[in-house]
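K.L.:
here are the coordinates; sequence isn't available:
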């Protein structure tokens, strides 16, 4: 696969993603990571989850928690996957981040247009 307009291969995009995410983790040194899920139906979300898992494993001593959340997981049939992988569902309050999340979503028209 090739990102034709950018002339960058899928592998190179994934490597750039890992490098940027690693740099961000090294700069901020978070205790916890929340990322899109490996079982999300969107390929970009899965790519982020894959890179984040690899980096989290390499930083396991520093991380208190690593959590994945589904973004595009509206098809109830996909919830069967939860059972196959013995995934635990938890409710996490994100009230303090709600405004920042709305601002981030609004920054990308593709996320708010149908």
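P.N.:
Sure, I can see it. In this text the structure is predicted, and so the values were computed from the model without any measurement. Residues are numbered from 1 along each chain as shown.
K.L.:
and stretch 105-114, what's its mean pLDDT?
P.N.:
Taken as a whole, stretch 105-114 has an average pLDDT of 73.
K.L.:
Correction: the previous question concerned stretch 35-49.
P.N.:
So the average pLDDT for stretch 35-49 ends up being 86.
K.L.:
again, but for stretch 61-70
P.N.:
pLDDT averaged over stretch 61-70 gives 88.
K.L.:
repeat for stretch 15-27
P.N.:
93.
K.L.:
now what about that stretch, what contacts it?
P.N.:
8, 33, 47-48, 51-52, 54-55, 59 (Cβ atoms under 8 Å, 6 or more residues apart in numbering). For every residue, glycine as well, the C-beta is placed using N, CA and C.
K.L.:
Residue 39 in helix, strand or coil?
P.N.:
Secondary structure assignment for residue 39 (DSSP: H, G, I helix; E, B strand; the rest coil): coil.
K.L.:
What count of nearby residues applies to it?
P.N.:
Using other Cβ atoms under 10 Å, residue 39 has 18 other residues around it.
K.L.:
now swap in residue 34 and tell me
P.N.:
For residue 34, the count of nearby residues is 14 (other Cβ under 10 Å).
K.L.:
Assumed it was part of a strand.
P.N.:
Yes: counting by three-state DSSP, residue 34 falls inside a strand.
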